[in-house]
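A.B. asks: dropping a prediction and its sequence here:
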Amino acid sequence: MVGRIVVEDVRPVVSDGRHPARAVVGEHLPVTATVWREGHDVIAARVLWQRPDGGRATHAMALAEPGLDRFAAVVVPDSVGWWSFRIEAWSDPWATWRQKMTTNVAACVCAKELANDFEEGARLLERVAYRPDRRVDRELLLDTAARLRDAYLLPRERLAAV
């Protein structure tokens, strides 16, 4: 366990990790893990897949069993040799915000009570828009942030912008 995010029950595994899992070149190999954390934040995970020649690839993991916090991805070895992988997981502030807002808007929480939450979403979008290390559609992100702040729109219209 690192921090507050737990990654456990990683598969494939043979004899509790005493032996390496095996696959054939071209075989679709499912990689799964139980990933959880305390609190209500949404988690994202990925597989870091290392080739025998040292090259690396990443594969996003999807939540395969929501009630069990089970994430899954499929990797495909394309050459013979010793492959390795590890699972990385982190809190996803954007997905957490969207989940919370979708629930609140569906419950007809009034716009006044959601004002701070809409501001939080706008700031998350702006933070991504101004990252120097990413290629993003900055104008689209900033326009969406402005719509989240537009108090003349209904909450469902503001949320629809995202």
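C.D. replies: Nice, thanks for sending it over. Small disclaimer: the values here were computed from a predicted structure and weren't measured.

A.B. asks: checking the most centrally placed residue in the chain next. Helix, strand or coil?
C.D. replies: Per Cα atoms, centre = their mean, the C-alpha nearest to the average position across the chain is that of A44, at 2.7 Å. Classification of A44 by DSSP: H, G, I helix; E, B strand; the rest coil places it in strand.

A.B. asks: so in terms of bridging, what pairs with it?
C.D. replies: On the basis of DSSP bridges, A44 is bridged to W90.

A.B. asks: how far away is it from D9?
C.D. replies: 18 Å (Cβ to Cβ, to the nearest Å). The C-beta positions use only the backbone N, C-alpha and C, and glycine is treated the same way.

A.B. asks: what do you get for W94?
C.D. replies: Taking Cβ to Cβ, one finds W94 at 27 Å from D9.

A.B. asks: which stretches in the chain count as strands?
C.D. replies: Ranges of strands within the chain are 5-11, 29-37, 43-50, 56-65, 70-75, 84-91, based on DSSP state E.

A.B. asks: just put these in JSON lines and tack on distance to V162.
C.D. replies: JSON lines is the format used below for those (distance: least, Cβ to Cβ, whole Å):
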{"stretch": "strand 5-11", "distance to V162": "25"}
{"stretch": "strand 29-37", "distance to V162": "24"}
{"stretch": "strand 43-50", "distance to V162": "17"}
{"stretch": "strand 56-65", "distance to V162": "20"}
{"stretch": "strand 70-75", "distance to V162": "24"}
{"stretch": "strand 84-91", "distance to V162": "19"}
